[in-house]
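Asks: kindly return the folded structure for what I paste below:
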Amino acid sequence: MSNAFVDLLRRLVSVLGRFSEPSHASSMTWDGKAYAPASQRKFDPFAAKWWALLTAIVEMLDKQGAPLSPEQKAYLDRLLFGGMGSLNDFVIDERNVGAEARQANQELDRLRKELCEQFRRINS
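Replies: Numbering: from 1, shown residues only. Model prediction:
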């Protein structure tokens, strides 16, 4: 598996991670010394779904010592670059998440284009 492809997936996971874990005003987090109030984070349930799915794919591809099978390629092609419901179709909802989503969506668009180009290189 191409390291560049997996690295792009990791970068997508990083962007999605910012919107994948809800926090509440009363949430606490461990800062290394004590529990402190957690910063308020924006949550998007669909970003959380994609974060979990892509994280699992990255873990599997990292441990796979062989090239992708034709079935894996077809699955990833549909999942990532297919039509409605694919990663290519996903945007973080700016109405629910706010202005932070606009920048994240721009970054997701850029990374998806790079990911698609890298995937096509792998398959040619």
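
Asks: neighbours of Arg102, how many?
Replies: Using other Cβ atoms under 10 Å, Arg102 has 13 neighbouring residues. The C-beta positions use only the backbone N, C-alpha and C, and glycine is treated the same way.

Asks: can you tell me which residues contact Leu16?
Replies: Taking Cβ atoms under 8 Å, 6 or more residues apart in numbering as the contact definition, Leu16 lies against 47-48, 50-51, 54, 108.

Asks: next SSE downstream of the lowest-mean-pLDDT helix or strand in the chain?
Replies: Of all the helices and strands that make up the chain, strand 28-30 has the lowest average by mean pLDDT, DSSP states H and E, namely a mean of 72. Per DSSP states H and E, strand 28-30 leads on to strand 35-37 as the next helix or strand towards the C-terminus.

Asks: who does that next one pair up with?
Replies: strand 28-30 (antiparallel) (DSSP bridges).

Asks: what about the helices in the chain?
Replies: Counting by DSSP state H, one finds helices in the chain at the ranges 3-17, 45-63, 70-81, 94-97, 99-123.

Asks: where among those helices is average confidence lowest?
Replies: Of all the helices of the chain, mean pLDDT reaches its minimum on helix 94-97 (a mean of 88).

Asks: and it, what does it pack against?
Replies: Helix 94-97 is packed against helix 99-123, with contacts defined by 3 or more Cβ pairs under 8 Å, 6 or more residues apart in numbering; DSSP states H and E.

Asks: residues contacting the helix it packs on, please?
Replies: Among residues not part of helix 99-123, those counted as contacts by Cβ under 8 Å, 6+ apart are 1-2, 4-5, 8-9, 11-12, 15-16, 18-19, 42, 44, 68, 73, 76-77, 80-81, 87-88, 90-94.
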